[in-house]
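Novice: Fold the following for me, if possible:
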Amino acid sequence: MRIFNVDKTRELNNYEIDTKKGCLRADKMFVRHHEAVEGKPAVYGDRIEVLPNGSKQNWKDLLISPAVEGKEAYDEYEDIQIYIPLNDEQIESQYESKVESLIRERYTLSQELAILRQQESKTEEYQAYYAYCEECKIKARAEVYG
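Specialist: Numbers count the residues shown, from 1 in each chain. Predicted structure coming up:
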C-alpha cells in the first residue's frame, strides 16, 4: 500500500517514515471519475453475402453489436495510508502513556498509591517499586525515542 504525506501531494519512501515519531492512518485517494453508461440490448440482423459463384448467402441472427450493461456514474478511489508526524508534546505524551501502561502491568493504581504512602515504613517494598518504575522508563524510552 502506498504511503503519502498529510497533504497527499507526495508519496513517501520507507526511509522517510519513522513510526516512533509519527503514525500511519488509513485514507483514500481519488483516482478518476467514471461516467454513467446507458444500457443497450444486443443488436442482431441479417446479412446477405454474394458468393464468388454468384449465389447469395443469407446470414440470419448475426450479432451486429453486443449488449452493453448499464452502470451508474461513480468515482474510483485507491486505499492509501497517510503519515502524520508527531510534535514533541505528542511524543512526550506517548512516552508517559507507555511508562504508565508498563507500570500497570505489575501494580494497580491503588497498590502504587499505598506503596507511596508507606515508603518510609516499607522501604524494601518501595525500593522494589522504584526500581521497577526505572526499568519501565528505560523500556518506554527505547520504544518511543528509539
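
Novice: In this structure, spot the helix with the most residues.
Specialist: When the chain is scanned for its longest helix (criterion: DSSP state H), the result is helix 123-145.

Novice: So which bits of that one are buried?
Specialist: 126, 129, 133, 136-137, 140, 144 (16 or more other CB atoms under 10 Å). All C-beta spots, glycine's among them, are computed from the backbone N, C-alpha and C.

Novice: By mean pLDDT, flag the weakest helix or strand of this protein.
Specialist: strand 56-65 (a mean of 76; mean pLDDT, DSSP states H and E).

Novice: what lines up beside that strand in the sheet?
Specialist: Next to strand 56-65 in the sheet, as set by DSSP bridges, lie strand 43-50 (antiparallel).

Novice: related to what we said a few turns ago, need the worst-confidence member of the buried residues of helix 123-145.
Specialist: For the buried residues of helix 123-145, the weakest pLDDT value sits at residue 144, with 77.

Novice: Which pLDDT value goes with the closest residue in space to that residue that isn't next to it in sequence?
Specialist: If the residues on either side of it in the chain are set aside, residue 144 comes closest to residue 95, at 4.4 Å by CB to CB, 6 or more residues apart in numbering. Confidence at residue 95, expressed as pLDDT, is 86.

Novice: Pretty sure residue 95 sits in a helix.
Specialist: Yes. Residue 95 sits within a helix when classified using DSSP: H, G, I helix; E, B strand; the rest coil.

Novice: Next one: it from residue 143, what distance?
Specialist: For residue 95, the distance to residue 143 (CB to CB, to the nearest Å) stands at 8 Å.

Novice: same deal with residue 7?
Specialist: Separation of residue 7 from residue 143 (CB to CB): 29 Å.
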